[in-house]
Structure formats: structure tokens, C-alpha cells
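Q: Compute the structure for the input listed below.
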Amino acid sequence: MKSKILILLVVLAGANFTYSQANRSRYIGYKYSDVIALPNGVKVVGVWDIGDPDRSPVYEIASVEKGKKDMLWLTVTTEDSTGLLNGWKVLDVLSFPVSAKGDVIFFYPAGSPNSCMRSGKVIPYAAGVGRIVRNQSVFRPSKLWVPDLATKKFKPVSVSAIKCE
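A: As a prediction, the model looks like this:
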């Protein structure tokens with residue numbers, strides 16, 4: 001019986017991984033210029049700069065939604081031939097089904113009064129999904145990532161011993 005349950009879990013996990021990878025890859029490389037309503041039906045909810053906004057290129061994390069999916073996009077500015085900013089390009093995507101369990105997507109920009117920490121050290125540009133525990137004034141992440149600008153991907157971070165306020 002245990003082996004049947006294990007096989008079922010592996011099959012379900014594999015199917016879920018395949019779906020999320022296919023859903024992610026369809027937006028990677030997507031270029032856009034309007035930051036509110038995109039032609040592909042995606043709605044931009046919020047955008048936060050990563051690093052120095054006065055240096056080119058500018059990297060950002062965009063919180064977006066489409067249908068029953070909430071996403072975080074790692075984006076970079078694009079320029080025209082004269083060097084003027086003309087839009088953004090999606091480098092990586094984190095995709096989450098809309099949760100009825102009270103989970104929320106979050107991002108802590110550098111310099112924010114709120115942050116995620118491990119052993120007293122701030123985790124810069126932490127992004128993820130989790131729950132707000134109002135009576136303790138804390139945020140409990142269930143999944144956490146940071147943008148890795150060297151690889152231009154979101155890098156997963158263990159939530160073990162993480163404290164977010």
C-alpha cells in the first residue's frame with residue numbers, strides 16, 4: 001500500500017512540475033511596454049526595482065496576474081537603438097494558482113522597513129508566497145526566492161529559520 005501511495009505522489013508531482021514549467025516558459029522572453037494591461041491579457045499589479053534604478057539595465061520584479069494565476073516576473077529594461085528605454089523583457093517567472101487559503105504573494109525591496117531575515121541577516125529582495133499572521137505581526141513564507149542577476153533567474157531559498165516582518 002505504501003509503495004502505491006509513493007508512486008501516486010511521484011506521478012502527481014511530475015505532472016505538476018511539467019505543467020508549471022510549461023506555464024513559466026511561455027512568458028520568458030516576452031517583451032512589453034505598457035505597464036498596466038498587456039496585450040496578452042496579463043495585468044500588472046505592482047513593480048519593484050532591484051538595485052540601482054539609475055544604472056542601465058534596470059532589473060525589476062513585477063507582480064502580475066492572469067485568470068486564476070498570480071505570477072512574479074523577473075524583468076529587465078529594453079532600449080531602442082538610441083539608448084532610450086522602450087520597455088521590459090521577462091527573464092524568469094514564478095507562477096502560483098490563486099489561493100483561497102489566505103496565501104499572498106510578497107516582495108521586500110531593499111531599504112524597506114519590512115524584511116526577511118535568517119540569523120539576523122537581511123535577505124535582500126526576498127520574494128515569495130505565504131501567510132500574514134496578524135496577531136504576531138509576522139509573515140510566514142511557505143516558499144521564498146531571491147533574484148539572481150548573474151543567472152537572470154529566481155533562486156529558491158530555504159524557509160528554514162526565516163523570519164519575515
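Q: Strands of this protein, start to end?
A: Secondary structure of the chain, counting by DSSP state E: strands at 31-32, 43-50, 59-66, 69-79, 85-97, 104-107, 116-118, 121-122, 127-133, 138-148, 153-157, 162-164.
Q: looking at those strands, which has the lowest confidence?
A: Comparing mean pLDDT across the strands of the chain, the weakest is strand 104-107, with a mean of 84.
Q: what packs against it?
A: Judged by 3 or more C-beta pairs under 8 Å, 6 or more residues apart in numbering; DSSP states H and E, the packing partners of strand 104-107 are strand 59-66, strand 69-79, strand 127-133. To be clear about C-beta, it is placed using only N, CA and C from the backbone, and glycine gets the same treatment.
Q: returning to what we had before: generate JSON lines for the strands of the chain, with mean neighbour count and distance to Ser25 as supplementary columns.
A: Formatted as JSON lines, the strands of the chain follow (neighbours: other C-beta atoms under 10 Å; distance: least, C-beta to C-beta, whole Å):
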{"stretch": "strand 31-32", "mean neighbour count": "15", "distance to Ser25": "15"}
{"stretch": "strand 43-50", "mean neighbour count": "16", "distance to Ser25": "20"}
{"stretch": "strand 59-66", "mean neighbour count": "20", "distance to Ser25": "15"}
{"stretch": "strand 69-79", "mean neighbour count": "20", "distance to Ser25": "13"}
{"stretch": "strand 85-97", "mean neighbour count": "18", "distance to Ser25": "8"}
{"stretch": "strand 104-107", "mean neighbour count": "18", "distance to Ser25": "20"}
{"stretch": "strand 116-118", "mean neighbour count": "19", "distance to Ser25": "28"}
{"stretch": "strand 121-122", "mean neighbour count": "11", "distance to Ser25": "32"}
{"stretch": "strand 127-133", "mean neighbour count": "19", "distance to Ser25": "19"}
{"stretch": "strand 138-148", "mean neighbour count": "18", "distance to Ser25": "17"}
{"stretch": "strand 153-157", "mean neighbour count": "16", "distance to Ser25": "12"}
{"stretch": "strand 162-164", "mean neighbour count": "18", "distance to Ser25": "28"}
